[in-house]
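Enquirer: pasted the sequence and its predicted model underneath.
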Amino acid sequence: MRRVRLLLLGVLLLLASACRIDTTVDIGVNEDGSGMVTITVVADAAAVDALPDAPDALQLEDLAAAGWTIDGPDIDASGAMTIWASKPFANADGLPGVLAEIDGGGAIFEDVVLEKTHSFDRIGLGPAKTVYELSGSVNPNPDLTDFADEFLPPSISLSSRVAELAEQRNGAADEGNDAVIIRIRLPDSESSETGEVTGETVEWRAKFGDPIFEIDARSSVDDILPRVWAIVALVAFLFLMVILLARLASFGLAKLRTPKGRRRRDVRRRQANAATRAEEANRPRRRMLRLLIVDVHGVLVRPTDPLEGLLLPLIVKEQPDVDADRVRDLHHRLVLGRVSVEEFWAEVGLGPVAEEIETKYLSSFRLVPGLHPFLDRMSTSRLPVAAVGNQPRAWGDRLRRMAALDDAVANWMVSGDVGSTLPEPALFEATRRTMSVDLFDCFYLSNVPEHLDAASELGMATGLFVAGNENAPETEHAVVRGFEDLLRSRTT
């Protein structure tokens with residue numbers, strides 16, 4: 001680096017007497033903080049003639065070895081010589097080191113600092129900024145004793161030569177020659193408090209021997225791309241918020257307009273309850289006998305078919321010319337509750353003697369043997385008994401009283417009340433509702449297989465009732481031979 005100082009000061013000061021030598025230091029800074037330092041030395045013809053050697057004999061090889069790029073010396077037509085030396089720096093922190101190579105550190109350039117700072121608007125609406133600031137001081141009157149004897153001819157002593165150079169330098173300064181020019185170029189337009197600003201360049205001019213002066217330059221570069229991206233992001237965020245608010249508003253309106261019970265939460269709750277009920281329904285459960293249901297005709301009294309076994313023969317005996325099919329049709333309508341008992345007797349032509357004939361008919365029923373002891377046993381066991389039968393309500397109530405079954409039978413459900421006859425399930429369902437039991441916990445007793453099939457499909461336990469020595473038809477239902485058999489099964 002001694003050669004750099006020689007180029008700037010040694011050569012310059014050695015030739016300062018009655019000569020003009022301009023030295024320019026250009027500092028160029030790029031946007032990334034890197035840059036280039038260029039030294040330009042221009043010596044007039046008189047200075048060139050004062051060189052002890054030819055201009056092309058200057059020894060500048062070690063400058064190139066130190067990373068400096070040397071151009072020249074270049075001699076123009078007037079005999080003036082120009083030499084350029086330049087070296088780059090990689091970042092802002094590298095600039096002071098390159099300047100130190102020129103003067104050995106602090107002889108000419110002092111406290112030089114290059115700062116590069118970034119700023120960004122908090123909400124992103126302003127552009128991003130990169131600020132470049134360069135500051136320091138320049139001494140145009142350096143102490144020549146800082147330079148080594150190797151820069152001087154061997155025949156000249158250091159002390160005498162220094163005194164001579166100082167005198168020559170002062171004389172040159174008195175003649176008004178511009179000796180030192182400092183130029184700084186920062187990215188974009190610059191500002192300075194001490195220098196002359198021209199476009200992107202700040203310049204200072206001084207003479208050798210002038211006092212120390214301050215240099216400062218400042219510039220800022222606006223980067224619009226981050227602002228664009230920030231605005232795009234902000235617009236996207238606002239658009240997303242609008243979509244979310246619209247969705248929330250739509251959801252709220254839909255929820256307000258949805259009737260109670262049809263909202264998604266209510267539907268999901270009903271589905272969950274239904275699934276729970278289905279699971280419970282499919283879960284095997286232990287049957288609990290809570291109600292005994294019996295047929296009126298066939299289990300409580302006989303005959304099983306009162307129309308063909310009692311009523312029709314009695315009417316034919318009293319009214320021989322009666323139409324049997326018409327009697328059957330009237331009886332069917334009677335047990336469905338579509339015609340009254342009075343209308344029935346009037347239609348068959350026995351209206352005047354209806355009371356007598358009806359009493360004879362109901363008195364003809366026979367109680368199944370063992371009925372009352374069985375019902376007493378059921379009452380003692382606290383197992384309620386319900387009866388179902390195809391008959392009008394008036395006949396059912398009279399038969400119940402005549403058979404002394406008012407207290408023994410908890411519920412007497414007849415087809416005339418529900419408008420449906422066995423084996424249709426309406427009588428069973430009406431009994432279930434009246435007695436508040438589950439049909440799964442009911443046992444149904446009948447001597448009609450069709451009635452038992454219908455009850456089994458509803459989930460009830462079933463038994464085919466056979467009294468005395470009657471033959472039991474083939475059936476899948478359990479066969480119960482009389483009340484004694486039923487009591488034994490319950491006991492075991």
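Expert: In hand now; what should we look at?

Enquirer: pLDDT wise, what is the residue lying closest to W345 once chain neighbours are set aside at?
Expert: Leaving aside its sequence neighbours, W345 sits nearest to A354 (C-beta to C-beta, 6 or more residues apart in numbering; 3.6 Å). Yep, even glycine has a C-beta here, placed from its N, CA and C like the rest. pLDDT, A354: 91.

Enquirer: cool, and W345?
Expert: In this prediction W345 is given a pLDDT of 94.

Enquirer: cool, and E61?
Expert: 63.

Enquirer: if we can go back for a sec, burial measure for the residue nearest to W345, as a count.
Expert: 15 (other C-beta atoms under 10 Å).

Enquirer: Three-state assignment for T194, please.
Expert: coil (DSSP: H, G, I helix; E, B strand; the rest coil).

Enquirer: from W204, how far out is it?
Expert: Distance, T194 to W204, using C-beta to C-beta, to the nearest Å: 7 Å.

Enquirer: more neighbours: these two, which one.
Expert: Relative neighbour count places W204 above the other of T194 and W204, with 21 against 13, counting by other C-beta under 10 Å.

Enquirer: who's the closest residue to that one other than its chain neighbours bridged to?
Expert: If the residues on either side of it in the chain are set aside, W204 comes closest to I182, at 4.4 Å by C-beta to C-beta, 6+ apart. On DSSP bridges, the residues paired with I182 through beta bridges are V25, W204.

Enquirer: hmm, V138 and I182 touching each other?
Expert: Yes. With contact taken as C-beta atoms under 8 Å, I182 and V138 are classed as touching, separated by 5.8 Å.

Enquirer: any common contacting residues for those two?
Expert: 204, 206, 215 (C-beta atoms under 8 Å, 6 or more residues apart in numbering).

Enquirer: tell me how many other residues crowd the second one.
Expert: In terms of burial, A206 registers 19 neighbours under the definition other C-beta under 10 Å.

Enquirer: check contacts around it.
Expert: 138, 140, 179-182, 213.

Enquirer: now D111. Its backbone dihedrals?
Expert: D111 adopts backbone torsions of phi 50, psi 40, taken as degrees, to the nearest 10.

Enquirer: next, count neighbours for it.
Expert: 10.

Enquirer: which pLDDT value belongs to the closest residue to it other than its chain neighbours?
Expert: Closest residue to D111 in three dimensions, ignoring its sequence neighbours and counting by C-beta to C-beta, 6+ apart: G136, at 5.1 Å. Turning to G136, the model gives it a pLDDT of 88.

Enquirer: D56 too?
Expert: pLDDT recorded at D56 is 58.

Enquirer: what number of residues lie near P142?
Expert: One way to gauge burial is a neighbour count; for P142, by other C-beta under 10 Å, it gives 20.

Enquirer: over to it. Which of the three states is it?
Expert: coil.

Enquirer: quick check: it touching A107?
Expert: Yes. With contact defined as C-beta under 8 Å, P142 reaches A107; the gap is 4.4 Å.

Enquirer: nearest to I75, of the shared contacts of I182 and V138?
Expert: For these, the closest approach to I75 (C-beta to C-beta) belongs to A206, at 26.5 Å.

Enquirer: quick one, phi psi at that closest one?
Expert: phi -150, psi 170.

Enquirer: separation between it and R264?
Expert: 85 Å.

Enquirer: now do the contacts for the residue nearest to W204.
Expert: I182 is in contact with 24-25, 27, 138, 195, 203-204, 206, 215, counting by C-beta under 8 Å, 6+ apart.

Enquirer: one more: N30?
Expert: Shown in contact with N30 (C-beta under 8 Å, 6+ apart): P187.

Enquirer: can you classify G337 by secondary structure?
Expert: Assigned by three-state DSSP, the conformation of G337 is coil.

Enquirer: what's the helix or strand for the closest residue to it other than its chain neighbours?
Expert: Using C-beta to C-beta, 6+ apart and skipping residues adjacent in sequence, the residue nearest G337 is G416, 4.0 Å away. Take DSSP states H and E as the rule and G416 turns out to sit in helix 415-418.

Enquirer: same question for H332.
Expert: Secondary-structure assignment from DSSP H and E places H332 in helix 324-335.

Enquirer: can you name the element that comes right after that helix?
Expert: On the C-terminal side of helix 324-335, the nearest following helix or strand under DSSP H and E is helix 341-347.

Enquirer: which other helices and strands does that next one contact?
Expert: Contacting helix 341-347 under the criterion 3 or more C-beta pairs under 8 Å, 6 or more residues apart in numbering; DSSP states H and E are the following elements: helix 324-335, helix 354-363.

Enquirer: mind putting these in JSON lines, distance to T40 included?
Expert: Putting the helices and strands packed on helix 341-347 into JSON lines (distance: least, C-beta to C-beta, whole Å) gives the following:
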{"stretch": "helix 324-335", "distance to T40": "132"}
{"stretch": "helix 354-363", "distance to T40": "143"}
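
Enquirer: quick check: D216 is in a strand.
Expert: Yes. Counting by three-state DSSP, D216 falls inside a strand.

Enquirer: surely it is in contact with T194?
Expert: Yes. Under the contact definition of C-beta under 8 Å, D216 touches T194, with a separation of 5.6 Å.
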